[in-house]
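Q: 3D model of this:
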Amino acid sequence: MHPSHEPVRFAVEGSVARITLDNPSRKNAITLEMAASIVEFCDRVEKDSSIGAVLVGAEGPYFCSGADTRDLAASSADPASAEAVRRTSAVYESFVRVGSLPVPTVSMVVGGAVGAGLNLAMATDIMLVTEDAVLDSGFLARHIHPGGGHLSLLGRTLSTSETIAMAGLGIALSGTDAVRRGLAYACVDTDDMDSEAAQLVRHAAADPELARAIKNSIRLELGPPAVSWASALEIERGVQMWSMGRKGDAGWKNKPAKPTPVN
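A: Below you'll find the predicted structure:
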């Protein structure tokens, strides 16, 4: 890899931030350098209130093959060492930080995602996939236990039996199957991925302040743990009144754009 090459790119356009993995020769496997860059970029998103959404994608025909096997091999030599724990924790932090961002996030999975790469995709709020993408837990085949909260991330949308099938039996899902089971949001053609993702986040990009407020309320209400309907009323009441005051009575004269249904 050329010394000047950045294995993760970050850009902001029209209030939408893009994090792009750019290590295609290794199927965008997450190195320690890449993990540190993702964390740095998440810091920037959190501090920049003008950003209303984040898209996570990758260069090349494959989203992410997981943690770099060279780092995994180094850690396996002495897994109880402080250095091994540091390496593993650094990779964990990259997708944990993406999952903790205060704005709506969308991953664009082309080709496939395995292990930590699947964790990164599942850490986003919405996962777009190509029909033929392969979503693979991957840990069992490598004879290691899942990490990074993998089982919890699977279990947020899949049943216990489906989680066992993927993590405990090594069954992979196609993009089509992932959408059918609720793990992914929609199937999109590779050539249309960028435009579909941009369309999804257009309203959030137009009003980053409100998008952040809504994302915060969703977390407070749905958890885990989720709160009661009565508690949700109180969480939403004050924020809705704030948004109404911000809009003002004159703001109601403008009609909202027609919603675009997802096929």
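Q: who's in contact with A29?
A: When contacts are counted by C-beta atoms under 8 Å, 6 or more residues apart in numbering, A29 touches 23, 64-69, 117. Where you see a C-beta, it was placed from the backbone N, CA and C, and this is true even at glycine.
Q: Sorry, slip of the keys, the one I care about is S217.
A: Going by C-beta under 8 Å, 6+ apart, the list of residues near S217 reads 235-236, 239.
Q: How is this protein partitioned into domains?
A: 8-203, 207-249 (automatic domain parsing).
Q: measure the first one end to end?
A: Translated: domain 8-203. By C-alpha to C-alpha, to the nearest Å, the extent of domain 8-203 from end to end equals 26 Å.
Q: Just the mean pLDDT for that domain, thanks.
A: The pLDDT scores in domain 8-203 average 97.
Q: and that domain, how far out from the chain's middle?
A: 6 Å (C-alpha atoms, centre = their mean, to the nearest Å).
Q: cool, the last one as well?
A: Relative to the mean C-alpha coordinate of its chain, domain 207-249 is positioned 21 Å out (C-alpha atoms, centre = their mean).
Q: So which bits of stretch 208-223 are buried?
A: By 16 or more other C-beta atoms under 10 Å, the buried positions in stretch 208-223 come out as 208, 210-215, 217, 221.
Q: Can you add secondary structure and pLDDT and give those back as TSV?
A: TSV is the format used below for the buried residues of stretch 208-223 (DSSP: H, G, I helix; E, B strand; the rest coil; pLDDT from 0 to 100):
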residue	secondary structure	pLDDT
P208	helix	98
L210	helix	97
A211	helix	98
R212	helix	98
A213	helix	98
I214	helix	98
K215	helix	98
S217	helix	98
E221	helix	97
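Q: hmm, which two among those are most spread apart?
A: P208 and E221 (20.5 Å; C-beta to C-beta).
Q: how about the residue nearest to L183 when sequence neighbours are not counted, phi and psi?
A: Spatial nearest neighbour of L183, excluding adjacent residues (C-beta to C-beta, 6 or more residues apart in numbering): T157 at 5.3 Å. The phi/psi pair for T157 (degrees, to the nearest 10) reads phi -120, psi -30.
Q: Perfect, that will be all.
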